[in-house]
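Asker: the sequence and its predicted three-dimensional model are supplied below.
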Amino acid sequence: MGVDGSVASMRALDWAADEAAVHERPLRIVHASMWERFEGATPSEDLPEGRTETAALQETVTDAEARARRRRPEVMVHADVLPGEPIDVLVHEAESAFVLVVGHRGHDALVRRLFIGSIGPGIAVRAWCPVVAVGDSAPGPPLADRPVVLGVAEGTEARAAHVAFALREAQARGCDLIAVHARSRQETRQAPPGPDSPAADAPLRAALPDRATLESGVTVHRRILDGPAHHVLTQAAHNAGLLVLGVHHQHGMVHRALRPTHQAVLRHSPCPVALVGVP
């Protein structure tokens, strides 16, 4: 979990604490700063007299740790200030993480820096664990009362990492899974009329066959909707607890930039978005 002391990152911290509790896992809070590397304990002109940048950063993570403990006393919480470029530090931390959680906005426009990639490659396109972006909306109803939404593209296989992640999340939360496929104009022309036809339903059946859903014990709803993928997915995510999307890898590396659909979903999703690497 990456924090920067902003309101958005504190809301993301709340979500991360809930996620850790649901999966019975520890929560690691990280604040990455170049100040730790280059300034050390040097006082800053922007801080009160006698205070150092290091002390201010440590206070940020201490407050975050206390907040997480108050919200979820049953979760083991550990917090650190680490030296380095935030993106690089968090990508390194993600190597051993179950999930990496960040806020949509921060003191320096984290959604632009971390996801759209205007300043270096973003976390979402480099991390090898699922990355969850939590927006500015206030915490909603309990997780069990909100479904997980899975975006299913043409050619998605049942063993795809984001399918498995979505099923696991729904199973742990005790909620339903809504699998959504945005049908393109070409698919609409090729498929028989009606979203319930066998041809229209094929992408969802391939990604979530009946046997897989029965084994998970999760109630799955399959929906085929016509329209641009980003619009279909953001509309489907209303009142959801999580929206799960796949991010493609190529030759052992993740694409250096997110696709326009992913970028649009991250900007407009009404719920947290999980980006999961897939082959």
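Answerer: On my side now, so go ahead.

Asker: where exactly do the helices run in the protein?
Answerer: Per DSSP state H, the chain has helices spanning 7-23, 34-38, 53-71, 86-94, 110, 161-173, 185-190, 198-207, 210-216, 229-236, 260-268. These are given in chain order.

Asker: flag every buried residue along the third one.
Answerer: Neighbour counts using 16 or more other CB atoms under 10 Å place 53-54, 56-58, 60-61, 64-65, 67-69, 71 of helix 53-71 among the buried residues. (C-beta placed from N, C-alpha, C; glycine too.)

Asker: repeat that for stretch 239-248.
Answerer: Buried residues in stretch 239-248 (16+ other CB under 10 Å): 240, 241, 242, 243, 244, 245, 246, 247.

Asker: with stretch 220-232 instead?
Answerer: Residues of stretch 220-232 classed as buried: 220, 222, 223, 224, 229, 230, 232 (neighbour count, 16+ other CB under 10 Å).

Asker: quick check: the two most widely separated of those?
Answerer: Across the buried residues of stretch 220-232, the longest distance by CB to CB is 22.6 Å; it joins 220 and 230.

Asker: neighbours of residue 213, just the number please.
Answerer: Counted with other CB atoms under 10 Å, residues neighbouring residue 213 total 18.

Asker: check contacts around the nearest residue to it once chain neighbours are set aside.
Answerer: Nearest non-adjacent residue to residue 213, counting by CB to CB, 6 or more residues apart in numbering: residue 220, 4.4 Å away. Residues near residue 220 by CB atoms under 8 Å, 6 or more residues apart in numbering: 176, 177, 178, 179, 208, 213.

Asker: please flag which of those sit within strands.
Answerer: Among the contacts of residue 220, DSSP state E puts 177, 178, 179 in strands.

Asker: which residue is nearest the middle of the chain?
Answerer: Geometric centre of the chain, nearest residue: residue 132, 1.4 Å, by CA atoms, centre = their mean.

Asker: now do the contacts for it.
Answerer: 15, 16, 19, 99, 100, 101, 102, 242, 272, 273, 274, 275.

Asker: winner for burial among the helices of the chain?
Answerer: Sort those by mean neighbour count, taking mean count of other CB atoms under 10 Å, and helix 110 sits at the top with a mean of 24.

Asker: low-confidence bits of the stretch 1-150 of the chain, can you list those?
Answerer: Low-confidence segments of the stretch 1-150 of the chain, defined by pLDDT under 70, are located at 34-54, 105-122, 124-125, 136-144.

Asker: apply 80 and report the result again.
Answerer: Scanning the stretch 1-150 of the chain with the threshold set as pLDDT under 80 gives 1, 4-8, 33-58, 104-128, 135-145.

Asker: ok so, going back, turn the helices of the chain into JSON lines, columns for distance to residue 80.
Answerer: Shown next, in JSON lines, are the helices of the chain (distance: least, CB to CB, whole Å):
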{"stretch": "helix 7-23", "distance to residue 80": "14"}
{"stretch": "helix 34-38", "distance to residue 80": "10"}
{"stretch": "helix 53-71", "distance to residue 80": "7"}
{"stretch": "helix 86-94", "distance to residue 80": "9"}
{"stretch": "helix 110", "distance to residue 80": "19"}
{"stretch": "helix 161-173", "distance to residue 80": "26"}
{"stretch": "helix 185-190", "distance to residue 80": "48"}
{"stretch": "helix 198-207", "distance to residue 80": "38"}
{"stretch": "helix 210-216", "distance to residue 80": "35"}
{"stretch": "helix 229-236", "distance to residue 80": "34"}
{"stretch": "helix 260-268", "distance to residue 80": "26"}
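
Asker: which of these sits closest to residue 155?
Answerer: Nearest to residue 155 among those is helix 198-207 (7.5 Å), distances taken as CB to CB.
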